[in-house]
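In: coords below, sequence missing:
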């Protein structure tokens, strides 16, 4: 009874600490863990910005995607490790770490990345089309509220039913609708401005930037199907092997903000909310199985913009909300 009470008191104390404080970081560094913590965000980072990082808001009234019941590569041997960047080297988009900026658009950014990757893979890199995070976040209004969160699964349904246009990074002038939210520094020191200030308001404009050679309607590309995968490691692995990266949503706790390297497992702190990212592979590190994930906080957060998270036990619900789709060829 005393042990349980002590554990409860320790948990309450860690939850009360500011997750960006030196005290919280020292607490993490004092523990024996499968991952290494460090400072990713300035201590004075605003609570408003941290709230934009927890950007998954599920609408219970939105129709669910169909469950993909059968594995697409039945009988294929699943390797111990896999990295989609190495499997499809012609698809440069798989390597890209996007930056959602000071905007809770992870739901749109992750889904746009997966659609881009899978279009490239489905066409053997003959179609290079970078789906616009801006178009997804601003115009998929049944899926979310722009910078105030949304549902990445719903984005894939909209891809099938309505399509999306192209668009590159902020200030790139690439595609029909480049991302309009400035990239910012998800790190202590860097070349970009700090992530602070008011959260942007994204407005759906069904037109392309000046000088782009197509109309909005001419630029649209569509998906052929969209689906969710069962909470099953083998099913997820087989779909990634056959079709490429998938979207995943997971629970973000205070300690995740301090991830630097290794295989993340939640240790300390309170729940901040849910976040969407791209799962591109898996492996083992010192005997610990992991999923390989690309985040959307630019490449100087964490492990060059990526992180590993424990595989096989639904750590932070990482295996409970996985989705993918297929490109509709012309």
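Out: Noted; the coordinates are in hand. If you're wondering where the values come from, they're calculated on a predicted model, not measured in any experiment.

In: all helices of the stretch 151-300 of the chain, in order?
Out: Secondary structure of the stretch 151-300 of the chain (DSSP state H, counting those that start in this stretch): helices at 152-161, 216-219, 233-243.

In: where does this structure have low pLDDT?
Out: The model of the chain has pLDDT under 70 over residues 1-15, 46-48, 70-75, 186-189.

In: Provide the strand pairings for the longest strand seen in the chain, with the direction of each partner.
Out: If you go by DSSP state E, the chain has its longest strand at strand 271-285. The strands that strand 271-285 pairs with in its sheet are strand 82-83 (antiparallel), strand 246-253 (antiparallel), strand 288-294 (antiparallel) (by DSSP bridges).

In: Please give the centre-to-centre distance between that strand and its chain.
Out: With C-alpha atoms, centre = their mean, to the nearest Å as the basis, strand 271-285 stands 7 Å off its chain's centre.

In: can you pull the buried residues of it?
Out: By neighbour count with 16 or more other C-beta atoms under 10 Å, strand 271-285 contains the buried residues 272, 273, 274, 275, 276, 277, 278, 279, 280, 281, 282, 283. (C-beta placed from N, C-alpha, C; glycine too.)

In: Identify the bridge partners of the last one.
Out: Beta-bridge pairing of residue 283 under DSSP bridges involves residue 290.

In: Contact partners for it?
Out: Residues near residue 283 by C-beta atoms under 8 Å, 6 or more residues apart in numbering: 80, 81, 82, 83, 289, 290, 292, 308.

In: Tell me the buried residues within the residues you listed.
Out: Among those, those that count as buried by neighbour count (16+ other C-beta under 10 Å) are 82, 289, 290, 292, 308.

In: if you compare the helices of the stretch 151-300 of the chain, which one is most tucked away?
Out: helix 152-161 (a mean of 24; mean count of other C-beta atoms under 10 Å).

In: How many neighbouring residues does residue 96 have?
Out: Other residues within reach of residue 96, judged by other C-beta atoms under 10 Å, total 19.

In: Tell me the spatial nearest neighbour of it, not counting adjacent residues.
Out: Counting by C-beta to C-beta, 6 or more residues apart in numbering, the nearest residue to residue 96 once its immediate chain neighbours are dropped is residue 113, at 7.0 Å.

In: got a list of what the residue most central in space within the chain touches?
Out: The central residue of the chain, meaning the one whose C-alpha is nearest the mean C-alpha position (C-alpha atoms, centre = their mean), is residue 277 at 1.3 Å. Counting by C-beta under 8 Å, 6+ apart, residue 277 makes contact with 106, 110, 247, 248, 249, 250, 293, 294, 295, 296.

In: what about the strands in the stretch 1-150 of the chain?
Out: If you assign secondary structure with DSSP state E, counting those that start in this stretch, the strands in the stretch 1-150 of the chain sit at 35-37, 82-83.

In: Kindly provide the distance from the residue nearest to residue 137 when sequence neighbours are not counted to residue 224.
Out: Leaving aside its sequence neighbours, residue 137 sits nearest to residue 108 (C-beta to C-beta, 6+ apart; 3.7 Å). Distance check for residue 108 against residue 224: by C-beta to C-beta, to the nearest Å, it reads 20 Å.

In: between those two, which one's more packed in?
Out: Between residue 108 and residue 224, counted using other C-beta under 10 Å, the more crowded position is residue 108 (37 against 12).

In: now for the longest helix along the chain, which elements pack on it?
Out: Counting residues, the longest helix in the chain under DSSP state H turns out to be helix 106-122. Contacts of helix 106-122 with other secondary structure elements, assessed using 3 or more C-beta pairs under 8 Å, 6 or more residues apart in numbering; DSSP states H and E, are made with helix 133-139, helix 152-161, helix 233-243, strand 246-253, strand 271-285, strand 322-327.

In: quick one: the residue nearest to residue 148 when sequence neighbours are not counted and residue 253, what's the gap?
Out: If the residues on either side of it in the chain are set aside, residue 148 comes closest to residue 104, at 5.5 Å by C-beta to C-beta, 6+ apart. Using C-beta to C-beta, one gets 17 Å for the distance from residue 104 to residue 253.

In: Between those two, tell me which one has more neighbours.
Out: residue 104 (28 against 19).

In: from what I can see residue 234 touches residue 76, true?
Out: No: using C-beta atoms under 8 Å, residue 234 and residue 76 do not qualify as a contacting pair, with a distance of 10.3 Å.

In: which residues touch the residue lying closest to residue 121 once chain neighbours are set aside?
Out: Across the structure, with C-beta to C-beta, 6+ apart as the measure, the residue nearest residue 121 apart from its sequence neighbours is residue 244 (4.3 Å). With contact set as C-beta under 8 Å, 6+ apart, residue 244 has these partners: 84, 88, 91, 94, 114, 117, 118, 121, 324.

In: ok, now which ones touch residue 229?
Out: 67, 68, 235, 236, 239, 246, 322, 323, 324.
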